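**Q** build the 3D model from these lines:
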Amino acid sequence: MRPVIFISTMFSVLLGISVIAAAQQSLTIEQGSTQGLVPKTLAITMDATEGVEGFVLAIGFDESLLLVDDFGPVGDSASADFIVTAIYNDGVTLGVVMETEPPFEGDVIASGSGIVIAGLTVTPIISVTADTVATIDFVDGVFNSPTLSNLIVQEGLSIGVGQGLDLNDGALTLQQGPLASMYVEDGSAPADGEGSIGTARVLLDNSEGGVQGFVTSVSHDSTLITLEEISIGVDAETAGAEFVVTQVFDNGGTCGVVLDFQTPFDGHTIPEGVAIHLSSYGYSCNHADIYVEGSTEPPPVGESSTLTLADDLFGDPLLDNVIVIGGLSVAPSLESGTFTCDPVTVPEQDTELWMETFFDEGAGNYAYVGQTGDLCFYYKDDDDYIQGFTFTVCYDCNLTIEEDSWEFNGSILDQVGIEYLATQVDDDPIDGDGCELIVALLLDALPPFEGQTLPQTADLNEGRLLIGKMRVTVDDDAECNEEQPLVWCNDINGNGEVLLYNNVVINFQSVQVYDRHDTFVYVVPEEIFQRGDCNSDDYVDLADPATMLGHQFSGLPILCPDACDSNDDGILNMADSVYLLNWLFQFGPILPDPGPYEDGPDATIDDALPVCNSDDTSCL
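**A** Residues are numbered from 1 along each chain as shown. Reported below is the predicted structural model:
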């Protein structure tokens, strides 16, 4: 119980109260409702036939259902000279005198109906399973010492129940809210025997109020999985959790969190919501479960452990799964999850093949129309010796692959040696089967058949080796800002009749189950211009040196600085106009490419000059 405030004594001294009869007047507590543990403010109103100089409120409630958060005057009564409030476990009192200090100007609460004089904020302390009415009543002669009665003061006289003051009790209906629900999201990890960790998240659906803290406690089957780590969830971290303690046991673990644990105690909480991420539990699988493609054995079924939100199982003292709302522990409904150890499926062979395209240094697979680069082939195999390959590739017909351009330079085949190579390019887009590339490579095809193979790659820092490369060109009719794909494809015949497929020869056996990585060429626009055409009118004449001089000495705007660089030295100055005039009228040297007769790309890189701001590009 809070300290007793002697409101009655103060009123007796200040008012010299007498008792009179009065017309019909009343005090009323608002009826209201709330859901879950959400606070509710109820208004206390007054009907008065004359101005009111002060009042006393004494209100009781069921302390097993409600807790008072705040109680005080509202409206005109909030500006009173004298205000005193007392809050008890099961009730509240409020005394207000409008004027106690000179110059005594006669301040009163004006007469009227439904005048709001106070506000009472209460919070349910339990989550009800059915709608429950909590009465909030005016009570005389119970609270304070001496005890107080409900009254209003008019013309220095007290009006209570005995003088005709009606007291209309209130009530707060506690509605069954969506109960807070804590549940474990299913998780998994590969059963690879390498300790890979998978995560199962503990989530919360909550409409009860901001969460000030929580405990999660999860058990598992220790014969199947091992708890490796526990961490707080994203929402708990975002809310600024200041106290976190985790415990890992053989068959489970706990996570305890307090959001606001350190000064200045700002009261931060996790807001209400759905799928609130409280904590994460990381598990590894105890047993390897490997399935090899092509095996005669059926694929295994993954082992699973139930992840149970277990109360009174871990910790000292034993911990429950709880959330804290409004300083109260709330037991949410609990729902278990499952953690599955997924069987690991591996190819019959671990061979991998790559295609990649490279053009200018640093450009990678980005190319201009008409540009030629390399189509490179790579392999990786950590534990086999490869005897040969068949590559079958489908590609966009806006690319041209040079059939006789295969190069071994810099490749592993250049070191090991190869005795059979065949390349076939079907570059005809109208023959009904698109554009196709077929490459056949066999390392040991001639006597004395010494069994040469490609080496294993397990000990290589690079992880893969270059097999060879061919020249590929972007056709003039290729669309810019588009990908031109090159993909591994099976059952193609190139220019012949036999349907071929991607194949690796290992130990004299054909292998088709292995990873292959496709590639593409991305066509980008290339700026083109006519050197000397400084005014961008598609003519090179006397107007252009005039434009050059106007730009250099008068700030005349130009669209393409490269076009104004007549001598192609990467600098715009008077020398460019002189160079152009010499060519036009003094039989001087012709302007460097591109131009001055046709548009084209710059043959040199002028980093010091801005790019052209024109619409001329190599794109269609």
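**Q** how about low-confidence regions in the stretch 1-150 of the chain?
**A** Along the stretch 1-150 of the chain, segments meeting pLDDT under 70 span 1-23.
**Q** residues contacting the closest residue to residue 543 other than its chain neighbours?
**A** Distance criterion CB to CB, 6 or more residues apart in numbering; nearest residue to residue 543, sequence neighbours excluded, is residue 535 at 5.5 Å. C-betas here are computed from N, CA, C, even on glycine. Residue 535 makes contact with 543-544, 547, 558, according to CB atoms under 8 Å, 6 or more residues apart in numbering.
**Q** ramachandran angles for residue 228?
**A** phi -100, psi -30 (degrees, to the nearest 10).
**Q** now the most centrally placed residue in the chain: how far from residue 413?
**A** Taking CA atoms, centre = their mean, the centroid of the chain lies closest to residue 234, which sits 10.2 Å from it. Distance from residue 234 to residue 413, counting by CB to CB, to the nearest Å: 51 Å.
**Q** would you list every one of the helices in the stretch 301-450 of the chain?
**A** 412-416 (DSSP state H, counting those that start in this stretch).
**Q** how about the strands of it, start to end?
**A** 303-309, 322-325, 328-330, 333-335, 337-342, 344-346, 352-358, 366-367, 372-380, 386-395, 399-401, 420-426, 435-442 (DSSP state E, counting those that start in this stretch).
**Q** among those strands, which is nearest residue 61?
**A** Minimum separation from residue 61 across the strands of the stretch 301-450 of the chain (CB to CB) falls at strand 328-330, 16.7 Å.
**Q** who touches that closest one?
**A** Taking CB under 8 Å, 6+ apart as the rule, strand 328-330 contacts 37, 125, 127, 180, 208, 322-324.
**Q** what's near enough to touch residue 501?
**A** 390, 392, 490-492, 512.
**Q** buried subset of the residues you listed as a ChimeraX selection?
**A** The buried residues among these can be selected in ChimeraX (16 or more other CB atoms under 10 Å) with this line:
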select :390,392,492
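**Q** which two from the contacts of residue 501 end up farthest apart in space?
**A** 492 and 512 (14.1 Å).
**Q** so for the nearest residue to residue 180 once chain neighbours are set aside, what's the pLDDT?
**A** Excluding its sequence neighbours, the residue lying closest to residue 180 (CB to CB, 6+ apart) is residue 332, at 3.8 Å. Residue 332 carries a pLDDT value of 91.
**Q** number of residues surrounding residue 332?
**A** Per other CB atoms under 10 Å, the neighbour tally for residue 332 reads 20.
**Q** that one against residue 203, yeah?
**A** No - contact between residue 332 and residue 203 fails when scored by CB atoms under 8 Å: they sit 10.7 Å apart.
**Q** find the residues that touch each one of the two.
**A** With CB under 8 Å, 6+ apart, residue 332 and residue 203 have common neighbours residue 182.
**Q** show me the beta-bridge partners of residue 442.
**A** residue 388, residue 420 (DSSP bridges).
**Q** that one touches residue 420, doesn't it?
**A** Yes - applying CB under 8 Å, one finds residue 442 in contact with residue 420, separated by 4.0 Å.
**Q** shared neighbours of those two, anything?
**A** Going by CB under 8 Å, 6+ apart, residues that sit against residue 442 and also against residue 420 are residue 388.
**Q** those two: which has the busier surroundings?
**A** Neighbour tally, residue 442 and residue 420, criterion other CB under 10 Å: the higher count belongs to residue 442, 16 against 12.
**Q** nearest residue to residue 301 in space, please, no chain neighbours.
**A** Nearest to residue 301 is residue 343, by CB to CB, 6+ apart, at 7.5 Å.
**Q** so the one you found sits against residue 302, correct?
**A** Yes - contact criterion CB under 8 Å: residue 343 and residue 302 qualify, at 5.6 Å.
**Q** determine the residues that are contacts of both of the two.
**A** 191, 289.
**Q** run through the helices of the stretch 151-300 of the chain in chain order.
**A** Under DSSP H, counting those that start in this stretch, the stretch 151-300 of the chain gives helices at 234-238.
**Q** where in it is pLDDT low?
**A** If you take pLDDT under 70 as the line, the stretch 151-300 of the chain has these spans: 177-178, 291-299.
**Q** for it, which segments count as strands?
**A** Under DSSP E, counting those that start in this stretch, the stretch 151-300 of the chain gives strands at 151-154, 157-159, 165-168, 170-175, 181-184, 187-190, 197-206, 211-219, 225-232, 243-249, 252-258, 273-285, 290-292.
**Q** got JSON lines for those, with distance to residue 315 and mean neighbour count too?
**A** Converted to JSON lines, the strands of the stretch 151-300 of the chain look like this (distance: least, CB to CB, whole Å; neighbours: other CB atoms under 10 Å):
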{"stretch": "strand 151-154", "distance to residue 315": "54", "mean neighbour count": "24"}
{"stretch": "strand 157-159", "distance to residue 315": "59", "mean neighbour count": "22"}
{"stretch": "strand 165-168", "distance to residue 315": "51", "mean neighbour count": "18"}
{"stretch": "strand 170-175", "distance to residue 315": "32", "mean neighbour count": "20"}
{"stretch": "strand 181-184", "distance to residue 315": "17", "mean neighbour count": "20"}
{"stretch": "strand 187-190", "distance to residue 315": "23", "mean neighbour count": "20"}
{"stretch": "strand 197-206", "distance to residue 315": "16", "mean neighbour count": "22"}
{"stretch": "strand 211-219", "distance to residue 315": "7", "mean neighbour count": "25"}
{"stretch": "strand 225-232", "distance to residue 315": "13", "mean neighbour count": "19"}
{"stretch": "strand 243-249", "distance to residue 315": "6", "mean neighbour count": "14"}
{"stretch": "strand 252-258", "distance to residue 315": "6", "mean neighbour count": "22"}
{"stretch": "strand 273-285", "distance to residue 315": "15", "mean neighbour count": "21"}
{"stretch": "strand 290-292", "distance to residue 315": "37", "mean neighbour count": "14"}
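**Q** tabulate those in JSON lines, adding columns for distance to residue 145.
**A** What follows is these, written out as JSON lines (distance: least, CB to CB, whole Å):
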{"stretch": "strand 151-154", "distance to residue 145": "17"}
{"stretch": "strand 157-159", "distance to residue 145": "19"}
{"stretch": "strand 165-168", "distance to residue 145": "21"}
{"stretch": "strand 170-175", "distance to residue 145": "25"}
{"stretch": "strand 181-184", "distance to residue 145": "46"}
{"stretch": "strand 187-190", "distance to residue 145": "61"}
{"stretch": "strand 197-206", "distance to residue 145": "42"}
{"stretch": "strand 211-219", "distance to residue 145": "35"}
{"stretch": "strand 225-232", "distance to residue 145": "49"}
{"stretch": "strand 243-249", "distance to residue 145": "41"}
{"stretch": "strand 252-258", "distance to residue 145": "39"}
{"stretch": "strand 273-285", "distance to residue 145": "46"}
{"stretch": "strand 290-292", "distance to residue 145": "80"}
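**Q** please name whichever of the ones you listed is nearest to residue 310.
**A** The nearest among these, by CB to CB, is strand 211-219 at 4.3 Å.
**Q** who touches the closest one?
**A** By CB under 8 Å, 6+ apart, strand 211-219 touches 182, 184, 200, 202, 204, 236, 243, 251-260, 269-270, 276, 278-279, 281, 307-311, 313-315, 319-327.
**Q** tell me the angle it makes with strand 197-206.
**A** When axes from the mean of the first three to the mean of the last three CA atoms, to 10 degrees is applied, the directions of strand 211-219 and strand 197-206 differ by 130 degrees.
**Q** got the angle for strand 211-219 vs strand 303-309?
**A** Using the same axes, to 10 degrees, strand 211-219 lies at 140 degrees relative to strand 303-309.
**Q** returning to that earlier point: list the contacts for the residue nearest to residue 180?
**A** 179-182, 204, 206, 321-323.
**Q** would you turn those into a markdown table with distance to residue 573?
**A** What follows is those, written out as a markdown table (distance: CB to CB, whole Å):
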| residue | distance to residue 573 |
| --- | --- |
| 179 | 80 |
| 180 | 76 |
| 181 | 76 |
| 182 | 75 |
| 204 | 71 |
| 206 | 72 |
| 321 | 78 |
| 322 | 79 |
| 323 | 75 |
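**Q** perfect, that will be all.
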